[in-house]
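J.: kindly generate the corresponding structure for this input.
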Amino acid sequence: MSSNPYSIVIPSRFASSRFPGKPLHQLNGIPMILHTVARARESAAQDIIVATDDERIEKLCKDSSIDVQMTRVDHPSGTDRIAEVAMVRGWADDRLIVGLQGDEPATPAHHLDLLANNLDKFPAADMATLCMPIQRVEDYRNTHRVKVVRDHEGMALYFSRASIPARRDVPVGDDTFPSSSLHIGLYAYRCGYLKQYPALQACELEQEEQLEQLRVMYNGGRIHVGMVEASDARGVDHPDDVPILEAVLAEQFNAPS
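T.: Okay, the predicted model is just below:
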């Protein structure tokens, strides 16, 4: 475990084009945001804060004795919302923060601890995230699955929706693929760097790939990417995801079914 205590901030926005109000949508009879907080509480985090822009989410958190911070409504990303919490609370620059999206209620707590531990161990990194080996050619080719290439120390070289690394010569019909890694969208931050993030210049790579972590790399930030064997964690992006997550929560986290 990290020798440096860390905090978890859970950005939770009510508005969503594909699933409005999803933080309050019930999974197995419990609002989604409460499931996510439960995962955070299973970790070794020193404190847990929900960051929201909605009074209904704020009330639920307060009624459930959860620390909650109201934030601006105009944040373009969860990272920007987490950065506001860090600045409002006046956290020291060396504080470690793990961001857990409010719509990811099945994230294993040990992954949250691992992120903080990895960031603590690699002082050259401004942020940390995770990946896992690609096992299926379908995932390697799927542009909805983000891939990452790392250097010998585990630092990110590039993230892409494309199939990377790519073999130069591939015979027609060949379904083999090179050793490659899927990105798992969890992040840990050094508070000092997180405070700088909202001022970073957006870049063409970020806009083309629709991956905000490329803004960090474009502006010289370094991201450590830890390898885990596998991860079944997934977010709730659409109402169709609800029964899948309910089954996962019932099976893996003893949630009511």
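J.: find the residue at the geometric middle of this structure.
T.: Ranked by distance to the mean C-alpha position of the chain (Cα atoms, centre = their mean), the top residue is residue 186 at 2.5 Å.
J.: pLDDT of the strand or helix carrying it, averaged?
T.: Using DSSP states H and E, the element containing residue 186 is strand 181-190. Taken as a whole, strand 181-190 has a mean pLDDT of 95.
J.: what pairs with that strand, parallel or antiparallel?
T.: Counting by DSSP bridges, the strands paired with strand 181-190 are strand 96-99 (antiparallel), strand 127-133 (antiparallel), strand 147-150 (antiparallel).
J.: now the helices for the stretch 51-200 of the chain?
T.: Per DSSP state H, counting those that start in this stretch, the stretch 51-200 of the chain carries helices over the ranges 55-63, 78-88, 109-121, 137-141, 191-196.
J.: any chance of these in JSON lines, plus mean neighbour count and distance to residue 16?
T.: For the C-beta atoms, the positions are set from N, CA and C on the backbone; glycine is no exception. Formatted as JSON lines, these follow (neighbours: other Cβ atoms under 10 Å; distance: least, Cβ to Cβ, whole Å):
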{"stretch": "helix 55-63", "mean neighbour count": "15", "distance to residue 16": "12"}
{"stretch": "helix 78-88", "mean neighbour count": "21", "distance to residue 16": "12"}
{"stretch": "helix 109-121", "mean neighbour count": "21", "distance to residue 16": "23"}
{"stretch": "helix 137-141", "mean neighbour count": "14", "distance to residue 16": "25"}
{"stretch": "helix 191-196", "mean neighbour count": "19", "distance to residue 16": "23"}
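J.: which one of the ones you listed lies nearest to residue 9?
T.: Taking Cβ to Cβ, helix 78-88 is the member of the helices of the stretch 51-200 of the chain nearest to residue 9, at 4.6 Å.
J.: against which helices or strands is that closest one packed?
T.: When contacts are defined as 3 or more Cβ pairs under 8 Å, 6 or more residues apart in numbering; DSSP states H and E, helix 78-88 packs onto strand 6-12, strand 47-52, strand 68-70, strand 96-99, strand 181-190, helix 191-196.
J.: redo those as TSV? Include distance to residue 127.
T.: Converted to TSV, the helices and strands packed on helix 78-88 look like this (distance: least, Cβ to Cβ, whole Å):
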stretch	distance to residue 127
strand 6-12	13
strand 47-52	17
strand 68-70	21
strand 96-99	10
strand 181-190	5
helix 191-196	7
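J.: so for residue 123, which of these sits nearest?
T.: Minimum separation from residue 123 across the helices and strands packed on helix 78-88 (Cβ to Cβ) falls at strand 181-190, 9.1 Å.
J.: could you dump that closest one to PDB, C-alpha only?
T.: This file holds the C-alpha atoms of strand 181-190, laid out as PDB (Å, rounded to 0.1, in the frame of the first residue of the first chain):
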ATOM      1  CA  SER A 181      -3.000  -3.500 -23.900                       C
ATOM      2  CA  LEU A 182      -6.400  -2.100 -23.200                       C
ATOM      3  CA  HIS A 183      -6.700   1.100 -21.200                       C
ATOM      4  CA  ILE A 184      -8.800   1.000 -18.000                       C
ATOM      5  CA  GLY A 185     -10.200   4.500 -17.500                       C
ATOM      6  CA  LEU A 186      -9.300   5.200 -13.900                       C
ATOM      7  CA  TYR A 187      -6.800   7.900 -12.900                       C
ATOM      8  CA  ALA A 188      -4.800   9.000  -9.900                       C
ATOM      9  CA  TYR A 189      -3.300  12.500  -9.800                       C
ATOM     10  CA  ARG A 190      -0.800  14.500  -7.800                       C
END
